[in-house]
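>>> Predicted model follows, preceded by the sequence.
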Amino acid sequence: MAAPSVQEVLPPSLDSTSQPPSLFDGSTRLYINYQCPYAQRAWITRNVKGLQDKINLVPIDLQNRPDWYKEKVYPPNKVPSLEHNNKVIGESLHLVKYVDSNFEGPSLLPDDLEKRKFSEKLIAYSDTTFVPEVYRSFAKDARTLAGAHFDYLEKALHKFDDGPFFLGQFSQVDIAYAPFIERFQVFMPEGFDYDITTGRPKLAKWIEEMNKLDGYKETKVLEQEKTVEKLETSKMHRQSPVKVTGASTLVSNM
Ligand SMILES: N[C@@H](CCC(=O)N[C@@H](CS)C(=O)NCC(=O)O)C(=O)O
């Protein structure tokens with residue numbers, strides 16, 4: 001029987017009063033924010049590849065950012081970014097690919113060429129179309145406009161039937177979508193009385209299967225909130241716990 005996984009103790013967020021870590025000392029650091037869906041992509045990748053001991057998490061309080069983050073770590077001043085081999089790189093989709101190909105752990109892309117081609121199409125669709133269009137729809141007719149994009153995903157999930165994930169088996173594609181679907185699934189019923197899984201059995205199954213993955217579950221803000229909140233409070237941090245259940249949180253930090 002597999003040993004039960006030990007849940008990682010999450011570090012508290014660093015803010016404007018915090019000293020930087022000892023930068024460029026050979027450690028690999030993933031700068032994130034606990035509420036950021038883009039950062040979550042890189043965080044999931046690190047976890048599912050079993051790199052918890054190789055890549056240190058450095059959470060940043062985006063509302064009260066330390067100056068050194070922009071000045072010394074990542075001038076675009078966004079998360080995620082990865083400090084690795086004396087360089088810092090950013091952009092979540094790039095980081096998912098970078099971590100997958102430059103670190104040990106199971107590969108998150110299949111060898112099959114057709115699947116690889118489809119992965120490129122779906123990963124590109126996530127940030128060029130799915131994420132911006134669904135957010136934009138909140139100001140218009142969300143049920144119809146966003147609905148079309150969930151239909152697109154439902155259809156994509158029908159393409160390979162050798163598993164419940166976008167390429168059959170779990171891959172980079174699932175990581176690209178998970179943080180956003182997680183938020184839309186919570187927010188759309190509340191904001192628009194719209195359940196994204198109704199009439200979309202493949203999407204419902206995908207969510208169910210995603211929620212079985214420890215490496216993903218550990219990044220889910222709703223489930224982590226209490227742990228993080230406790231840590232923040234114990235360190236007397238000023239960052240108030242952020243709920244992911246409201247529209248403001250969905251669009252904040254974007
Ligand atoms: N395209 C970027 C987006 C990253 C992003 O927008 N991150 C937000 C937090 S969710 C951020 O750092 N915002 C701070 C800012 O824009 O100043 C990526 O995919 O990594």
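Now that the structure is in, tell me what you want to look at.

>>> Sketch out the helices for the stretch 151-254 of the chain, chain order is fine.
172-192, 201-210, 214-217, 221-234, 247-251 (DSSP state H, counting those that start in this stretch).

>>> With the stretch 1-150 of the chain instead?
For the stretch 1-150 of the chain, the helices defined by DSSP H, counting those that start in this stretch cover 37-48, 67-68, 92-102, 113-125, 131-137, 142-158.

>>> For the shortest one, give me every contacting residue.
Helix 67-68 is touched from outside by 16, 20, with contacts defined as CB atoms under 8 Å, 6 or more residues apart in numbering. Where you see a C-beta, it was placed from the backbone N, CA and C, and this is true even at glycine.

>>> Now with 10 Å, please.
By CB atoms under 10 Å, 6 or more residues apart in numbering, the residues outside helix 67-68 that reach it are 14, 16, 18-21, 23, 77.

>>> Out of the helices of the stretch 1-150 of the chain, which gets nearest to Ser171?
Checking the helices of the stretch 1-150 of the chain against Ser171 by CB to CB gives helix 113-125 as the closest, at 6.2 Å.

>>> Buried residues, that closest one. List them.
In terms of neighbour count (16 or more other CB atoms under 10 Å), helix 113-125 has its buried residues at 115, 118-119, 122-123, 125.

>>> Look up how far Gly215 lies from the residue nearest the centre of the chain.
Against the mean C-alpha coordinate of the chain, by CA atoms, centre = their mean, the closest residue is Gln40 at 2.4 Å. From Gln40 over to Gly215 the distance is 11 Å, taken as CB to CB, to the nearest Å.

>>> okay, and the common contacts of the two?
Here Gln40 and Gly215 have Ile175 as joint contacts, going by CB under 10 Å, 6+ apart.

>>> out of everything not next to it in sequence, what's closest to Leu122?
Leaving aside its chain neighbours, Leu122 sits nearest to Val173 (4.8 Å; criterion: CB to CB, 6 or more residues apart in numbering).

>>> So that neighbour versus Phe165, what's the distance?
Val173 is 7 Å from Phe165, where distance means CB to CB.

>>> When these two are compared, which one has more neighbours?
Taking other CB atoms under 10 Å, Val173 and Phe165 do not tie; Val173 has more neighbours (24 against 18).

>>> The more buried one contacts Gly163, doesn't it?
No - assessed by CB atoms under 10 Å, Val173 is found out of contact with Gly163, at 11.9 Å.

>>> Surely Ser92 and Val79 touch.
Yes - counting by CB under 10 Å, Val79 is a contact partner of Ser92 at 8.8 Å.

>>> Need the overlap of contacts for those two.
Taking CB under 10 Å, 6+ apart as the criterion, Ser92 and Val79 both touch 32, 36, 38-40, 42-43.
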